[in-house]
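Peer 1: give the three-dimensional model of this entry:
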Amino acid sequence: MATDRQESWRSITPGAWFIGGTSQPPAPPPPGAPATPTQQTPGTPQPVQAVSTNPTPLATDEDQLLSGFRVLDLTRELGVFCTKLLADLGAEVIRIEPPTGDPLRQRGPFFKDVPHPEHSLYFMYYNTGKRSITLDLEQPEGQALFKKLVARADVVVEGFAPGYMDRIGLGYEQLRSINPGIVMAAVSPFGQTGPYKDYKASDLVLMGMSGWMQITGEPEWPPTRQGNEQSHFPGAQYAALGIVAALYNRELASGEGQYIEVSAMEALLTYYTENHPAVAWLLSQTNVGRPGVRSRMTVPMGVFPCQDGWIALGVVSAGEWESLAQWMVEATGDDAILDDKYKGGTHARQAYYDEIIAYVIGFLAGLTRQELFTEGQKRNLAVLPVATVEDMLNDPHLAVGDFWIELDHPVVGKLKYPRGAFDTDIIHPPRKAAPLVGEDNEAIYCHELGLSATELGALRNEGLI
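Peer 2: As a prediction, the model looks like this:
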């Protein structure tokens, strides 16, 4: 007989599933941070842990897609977006931090530029909707507590070096002997096997070794890294999708968990879409060049300066060219751009690239981004502003869709967050800001695992939590 949870999974339309280190000791708490019982002699680094007199209830909504599923989060930079997605889908995600706090809390930028474990905006973004407990996995007592948590969990996601979890007795085989239904995912730079498996990697290394830098930048420039650590996202997304699929299989078919291995480098390789470098090499033994911000194949197409910033412009069809050319004449009074040699499809203009780009730059220099966007829409042309952060925060389209949500953090207060890509009748935006260090220690260790307050205090004094 199916469980209630199995019945709820069966009610979902099948097509709906295809949805596209050592930590440093924290600084003393800033003004306004909650008091902690671990503060001792000034100057002595101590863990900063929240102590709750009112235990946090399970952060699950019964109508959420992954309601009722518990995830133990041991990720680092490469996997933390995975567990954020699972939390956004309604899973109860428990971030397990070292007693001194998660190393990711030491990453900036920091609220008001004040470094502190409860000020990391990086940590706040990637951990919305999660809970937090502290635990030293290096100690036998900590490993025993973790195994008790595994017995009550559905998923473990880890981002340690390959082999680390096995070495401390918490590998997949050990965990599945405790809980045969556990789904475990490991996200690492180069996977769990192979000659590169023990290599460490930053975003720069991954973008280089995956070949992305070879195709990014201006043609005459050196290979260029993309902004915002883009290498961290593909692998995390694959891990999240794999976990959801493994849970689906467990609930409706096998009844057993699975082990999911994700290589960030391999995930990046699958994200090539245009002029795939591997295909180009197989066909002609040539490296795909860096296209830059302006195409030489489609003219004009690219990013150009205007009166108050930058715009992206793309003209493909003969009709679009006629519309742009007429607009340029009206704006500049120069009708040279109407010369018949420039007419036709995009290929007809390739031979006149330099001339056309000079005309376009002169035309754009006299208009603002808003003027170009508004008039471009009237003329059925793709002329769009390159948005700044301020533009995005005030974008009327995003405002109508309630893309920006406000969450209240107990230390830094109310901040705006992206809602995320998921928003349906059974998927809701994050409703809770990132947790404080160890915010849920009492709720989970005492109210779930049955430890007494005295035992919890002893664990804290021994540095185990």
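Peer 1: I'd like the average pLDDT over stretch 69-82.
Peer 2: Averaging pLDDT along stretch 69-82 gives 97.
Peer 1: that one: end-to-end distance?
Peer 2: This stretch, stretch 69-82, spans 15 Å end to end (CA to CA, to the nearest Å).
Peer 1: how close does the closest residue to residue 185 other than its chain neighbours sit to residue 444?
Peer 2: Once flanking residues are discounted, residue 185 sits nearest to residue 260: 4.0 Å by CB to CB, 6 or more residues apart in numbering. To be clear about C-beta, it is placed using only N, CA and C from the backbone, and glycine gets the same treatment. Noted for residue 260: a distance of 25 Å to residue 444, by CB to CB, to the nearest Å.
Peer 1: of the two, who's got more company?
Peer 2: For residue 260 and residue 444, the more surrounded residue by other CB atoms under 10 Å is residue 444, and the numbers stand at 25 against 22.
Peer 1: what segments of the stretch 101-250 of the chain are strands?
Peer 2: Along the stretch 101-250 of the chain, the stretches classed as strands by DSSP state E, counting those that start in this stretch are 131-134, 155-158, 183-188.
Peer 1: nearest to residue 452, of the ones you listed?
Peer 2: strand 131-134 (16.5 Å; CB to CB).
Peer 1: average pLDDT for that closest one?
Peer 2: The pLDDT scores in strand 131-134 average 98.
Peer 1: show me the shaky parts of this structure.
Peer 2: Scanning the chain for pLDDT under 70 picks out the ranges 1-62, 273-276, 421.
Peer 1: so for it, the centremost residue is which one?
Peer 2: The structure's the chain has its C-alpha centroid closest to residue 81; by CA atoms, centre = their mean the separation is 4.0 Å.
Peer 1: any idea how many residues pack against the residue lying closest to that residue once chain neighbours are set aside?
Peer 2: Leaving out its chain neighbours, the residue that sits closest to residue 81 by CB to CB, 6+ apart is residue 236, at 3.8 Å. The local packing of residue 236 (other CB under 10 Å) involves 27 other residues.
Peer 1: re earlier: can you tell me which helices and strands the helix or strand the residue nearest to residue 185 falls within packs against?
Peer 2: For residue 260, the host element (DSSP states H and E) is strand 259-263. Using 3 or more CB pairs under 8 Å, 6 or more residues apart in numbering; DSSP states H and E, the elements in contact with strand 259-263 are strand 183-188, helix 232-249.
Peer 1: if we use 10 Å, what do you get?
Peer 2: If you count contacts as 3 or more CB pairs under 10 Å, 6 or more residues apart in numbering; DSSP states H and E, strand 259-263 packs onto strand 155-158, helix 172-178, strand 183-188, helix 232-249.
Peer 1: closest to residue 110 out of those?
Peer 2: Across the helices and strands packed on strand 259-263 (criterion: CB to CB), the nearest stretch is helix 232-249, sitting at 19.5 Å.
Peer 1: tell me the angle of that closest one relative to strand 183-188?
Peer 2: With axes from the mean of the first three to the mean of the last three CA atoms, to 10 degrees as the basis, helix 232-249 and strand 183-188 are set at 170 degrees to each other.
Peer 1: which positions within helix 232-249 qualify as buried?
Peer 2: For helix 232-249, burial by neighbour count (16 or more other CB atoms under 10 Å) applies to 232-244, 246-247.
Peer 1: so the chain: which segments form each domain?
Peer 2: 48-271+401-461, 301-387 (automatic domain parsing).
Peer 1: which of the ones you listed sits closest to residue 289?
Peer 2: Nearest of those (CB to CB): domain 48-271+401-461, 5.6 Å.
Peer 1: okay, how far is it across stretch 365-383, tip to tip?
Peer 2: Length of stretch 365-383, first residue to last, CA to CA: 14 Å.
Peer 1: returning to that earlier point: may I ask which two of the buried residues of helix 232-249 are separated the most?
Peer 2: Using CB to CB, the buried residues of helix 232-249 reach their maximum pairwise distance at 232 and 247, which is 23.0 Å.
Peer 1: residue 378: which of the strands of the stretch 101-250 of the chain is closest?
Peer 2: Evaluated over the strands of the stretch 101-250 of the chain, closeness to residue 378 peaks at strand 183-188, with 47.2 Å, by CB to CB.
Peer 1: for that closest one, which positions count as buried?
Peer 2: Buried positions in strand 183-188, judged by neighbour count with 16+ other CB under 10 Å: 183, 184, 185, 186, 187, 188.
Peer 1: equivalent analysis for stretch 362-382, please.
Peer 2: For stretch 362-382, the neighbour count (16+ other CB under 10 Å) marks 363, 364, 367, 369, 372, 373, 376, 381 as buried.
Peer 1: residues in contact with the first one?
Peer 2: In other words, residue 363. For residue 363, the contact set (CB atoms under 10 Å, 6 or more residues apart in numbering) comprises 304, 306, 313, 324-325, 327-332, 334, 337, 372.
Peer 1: ok, and the most crowded of the residues you listed?
Peer 2: Most neighbours among those, by other CB under 10 Å: residue 372, with 25 neighbours.
Peer 1: right, and it touches residue 328 too?
Peer 2: No - applying CB atoms under 10 Å, one finds residue 372 not in contact with residue 328, separated by 11.6 Å.
Peer 1: anything in contact with each of the two?
Peer 2: 363, 364.
Peer 1: what comes into contact with stretch 289-296?
Peer 2: If you take CB under 10 Å, 6+ apart as the criterion, stretch 289-296 is touched by 213-224, 274-275, 277, 280, 297, 300-304, 310, 312-314, 346, 350, 353, 357, 360, 386.
Peer 1: narrow the residues you listed to just the buried residues.
Peer 2: 213-217, 224, 277, 300-302, 304, 313, 346, 357, 360.
Peer 1: which ones among the residues you listed lie within helices?
Peer 2: Per DSSP state H, helices hold the following members of those: 277, 357, 360.
Peer 1: including distance to residue 396, could these go into CSV?
Peer 2: As requested, those are exported to CSV (distance: CB to CB, whole Å):
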residue, distance to residue 396
277, 39
357, 32
360, 28
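Peer 1: and of those residues, the nearest to residue 424?
Peer 2: Using CB to CB, residue 277 comes nearest to residue 424 of these, at 36.2 Å.
Peer 1: possible to save the contacts of residue 363 as a markdown table with distance to residue 139?
Peer 2: Converted to a markdown table, these look like this (distance: CB to CB, whole Å):
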| residue | distance to residue 139 |
| --- | --- |
| 304 | 59 |
| 306 | 60 |
| 313 | 60 |
| 324 | 68 |
| 325 | 73 |
| 327 | 70 |
| 328 | 71 |
| 329 | 76 |
| 330 | 75 |
| 331 | 71 |
| 332 | 73 |
| 334 | 76 |
| 337 | 74 |
| 372 | 62 |
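Peer 1: those residues in strands, which ones?
Peer 2: Judged by DSSP state E, these include 304, 306, 313 as members of strands.
Peer 1: find the nearest non-adjacent residue to residue 411, please.
Peer 2: Leaving aside its chain neighbours, residue 411 sits nearest to residue 118 (4.2 Å; criterion: CB to CB, 6+ apart).
Peer 1: okay then, goodbye and thanks.
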